[in-house]
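Participant: pasting the sequence and the predicted coordinates here, then a few questions.
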Amino acid sequence: MLHLVSMKEWPPQLIEEVLDLADAVKREPARFATAMAGQTLLMIFEKPSLRTRVSFETGVTQMGGHAIYYDMSTSPLGAGKENIADTARVISRYVNIVMARLFKHEVIVELARHATIPVINALTDHAHPTQILADLQTIREKKGRLKGVKVAYCGDGRNNVTHSLLIGCSKLGLDIRVACPDGTDYSPAPDVIRSALGFAKKAGSQVLVTHDATEAARDADVVYTDSWMSYHVAHEKLEERVRVFTPYQVTAALMALAAPDAIFMNCLPALRGFEQTAEVMDGPQSVVFDEAENRLHAHKAILLRLLGDLKK
Ligand code: CP
Ligand code: NVA
């Protein structure tokens with residue numbers, strides 16, 4: 001059973017296959033208008049969402065299927081009345097595929113272990129693979145290639161998006177440089193760095209973690225940032241995090257160090273004046289809304305590939 005729990009388990013050819021499918025779905029959506037006829041996606045949410053929720057639900061509708069939004073706080077699972085294994089077994093009897101946005105990564109791993117339907121990680125504290133698939137689609141669209149593209153990520157390193165970017169880029173041969181503050185609260189998890197270094201060795205690309213934003217941004221083709229206050233971060237941390245992350249803010253001066261045709265990306269939601277200035281976010285190099293659009297196409301491709309695998 002093929003799941004999308006993290007990109008670590010996906011071979012590079014499978015990622016490329018899904019990116020090609022995402023391009024096809026984007027080019028000719030009508031070809032896929034009945035691809036999910038009679039099929040149901042369950043969407044379990046423990047955290048907020050705009051893009052992930054709306055794009056998955058719309059994607060399923062556009063392919064003739066049905067999506068159920070399920071708020072975890074109103075579930076027996078959320079109320080502590082039922083465990084994840086039993087939840088997995090029950091939903092496997094009703095729906096064809098499930099996606100979940102959760103706090104703990106271990107919970108999605110557990111869900112996949114007990115489900116007999118494909119499981120999609122729609123974000124955990126540790127990983128955000130659906131985002132990075134859409135981002136790779138966007139980078140390939142804008143740059144015409146993936147291999148050798150230099151990606152600079154500036155900001156929170158101990159972050160689901162950063163982790164998945166490290167894995168996705170290193171697998172497909174993009175150079176990835178992460179600029180983040182020192183310390184375990186702010187730097188990528190050591191096991192993710194180790195995995196990325198291993199994948200990069202195979203793909204012939206580079207992985208760098210630095211505490212200097214200018215080192216990451218110099219000559220980069222893509223400058224990427226994400227929220228300093230991820231959904232799982234307590235509001236009390238705001239002041240401290242603004243202080244530690246401000247040296248990593250993406251400004252026009254930082255963008256000027258990147259390649260002249262560099263693009264600016266942010267998975268969104270974004271706060272102008274925090275992880276990037278308004279000038280960068282709304283400037284000519286910003287592709288953040290094209291990036292957000294590609295969530296729709298990439299999610300359709302993920303659903304098709306995971307459901308298609310079952311038919312084989
Ligand atoms: N980028 C992203 O996952 O956005 P949402 O939190 O709005 O789903
Ligand atoms: N790192 C962010 C991504 C939001 C899509 C978070 O977890 O909130």
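Facilitator: Done, it's in. Ligands and ions are numbered 1, 2, ... in the order given.
Participant: and residue 214, how many neighbours?
Facilitator: Residue 214: 14 surrounding residues under other C-beta atoms under 10 Å. Yep, even glycine has a C-beta here, placed from its N, CA and C like the rest.
Participant: repeat that for residue 9.
Facilitator: Using other C-beta under 10 Å: residue 9 sits among 13 other residues.
Participant: residues in contact with it?
Facilitator: residue 3 (C-beta atoms under 8 Å, 6 or more residues apart in numbering).
Participant: what pLDDT is listed against it?
Facilitator: If you check residue 9, the pLDDT there is 96.
Participant: any idea how far it is from residue 64?
Facilitator: In this view, residue 9 and residue 64 are 29 Å apart by C-beta to C-beta, to the nearest Å.
Participant: what stretches of the protein score poorly on pLDDT?
Facilitator: Residue ranges of the chain with pLDDT under 70: 309-312.
Participant: spell out which parts of it neighbour ligand 1.
Facilitator: Contacts of the chain with ligand 1, taken as C-beta under 6 Å from any ligand atom, map to 49-52, 123, 131, 267-269.
Participant: can you show me the strands along the stretch 101-250 of the chain?
Facilitator: Remark: strands assigned in the stretch 101-250 of the chain by DSSP state E, counting those that start in this stretch are 119-121, 150-154, 175-179, 207-210, 222-225.
Participant: the shortest one and ligand 2, any residue contact?
Facilitator: No. Where contact is defined by C-beta under 6 Å from any ligand atom, no part of strand 119-121 touches ligand 2; the two come within 12.1 Å at best.
Participant: which other helices and strands contact that strand?
Facilitator: Judged by 3 or more C-beta pairs under 8 Å, 6 or more residues apart in numbering; DSSP states H and E, strand 119-121 is in contact with strand 97-101, helix 105-114, helix 129-143, helix 288-311.
Participant: mean neighbour count added to those, as CSV?
Facilitator: Formatted as CSV, the helices and strands packed on strand 119-121 follow (neighbours: other C-beta atoms under 10 Å):
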stretch, mean neighbour count
strand 97-101, 26
helix 105-114, 19
helix 129-143, 24
helix 288-311, 20
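Participant: for ligand 2, what are the nearby residues on the stretch 101-250 of the chain?
Facilitator: Residues of the stretch 101-250 of the chain lying near ligand 2 (C-beta under 6 Å from any ligand atom): 123, 159-161, 226-227, 230-231.
Participant: re the thing from before, could you dump the strands of the stretch 101-250 of the chain to JSON lines with mean neighbour count and distance to residue 59?
Facilitator: Converted to JSON lines, those look like this (neighbours: other C-beta atoms under 10 Å; distance: least, C-beta to C-beta, whole Å):
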{"stretch": "strand 119-121", "mean neighbour count": "26", "distance to residue 59": "12"}
{"stretch": "strand 150-154", "mean neighbour count": "28", "distance to residue 59": "26"}
{"stretch": "strand 175-179", "mean neighbour count": "25", "distance to residue 59": "28"}
{"stretch": "strand 207-210", "mean neighbour count": "18", "distance to residue 59": "32"}
{"stretch": "strand 222-225", "mean neighbour count": "28", "distance to residue 59": "24"}
